[in-house]
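J.: Turn this into a structure:
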Amino acid sequence: MNSNKDNNSKILLNEELISYGLSFEDSRELLEFLGKKLEKKGIVKDSFTKAIIKRESNYPTGLQSGNIGIALPHTDAEHVNKAAISVTILDSPVKFIGMGTEDTQIDVSIIFLLAIKDPKDQISLLQNLMDLLQREEIMEKMQKSSDKKEILKLLKNEIL
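T.: Alright, predicted model coming up:
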């Protein structure tokens, strides 16, 4: 589908980085949980969580894909030890501010937390993710799935 996929083969995405059935009070609590999870695995530095929360407040990443709200939080490579994608599917959505807006709220239920080590990989990964987000049938399948293997297969086929 995309020639940029080759560049993304060094980005870690596995079942350990996929979560579903979780609930959080707000996007900050969610980002703290996800950041600490990546930190415990040694994927990101201890500065990552604070940096991702700060970046999300300055450059919101909420997007609407059909009926599904999605967020793509990420931050600078200096906070990352190893490139990875963490995917979280929530039981009940949390509000994120819409990308390119200051106050438009989006009820987000799928989060792609990006830990990018090499900035040039970020562009192709984001392009592949944006292509994926426009495919509502795949996003709906992901949202309804409670099978990490199925979610992983869908993602690897589409973005890596």
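J.: which one's the longest strand in the protein?
T.: Longest strand in the chain by number of residues, with DSSP state E as the criterion: strand 84-97.
J.: Pull up the gap between Ile89 and Asp107, please.
T.: According to Cβ to Cβ, to the nearest Å, Ile89 stands 13 Å off from Asp107. All C-beta spots, glycine's among them, are computed from the backbone N, C-alpha and C.
J.: And those two? Which one has more around it.
T.: For Ile89 versus Asp107, neighbours defined as other Cβ atoms under 10 Å are more numerous around Ile89 (19 against 15).
J.: What count of nearby residues applies to the spatially closest residue to that one that is not a sequence neighbour?
T.: Spatial nearest neighbour of Ile89, excluding adjacent residues (Cβ to Cβ, 6 or more residues apart in numbering): Tyr20 at 4.1 Å. Residues within reach of Tyr20, counting by other Cβ under 10 Å, total 19.
J.: do the same with Leu126
T.: Other residues near Leu126 number 17, with proximity taken as other Cβ under 10 Å.
J.: would it count as being in a helix?
T.: Yes. Assigned with DSSP: H, G, I helix; E, B strand; the rest coil, Leu126 falls within a helix.
J.: so it touches Ile85, yeah?
T.: No. Under the criterion of Cβ atoms under 8 Å, Leu126 is not in contact with Ile85, lying 11.1 Å apart.
J.: With that, I have no additional questions.
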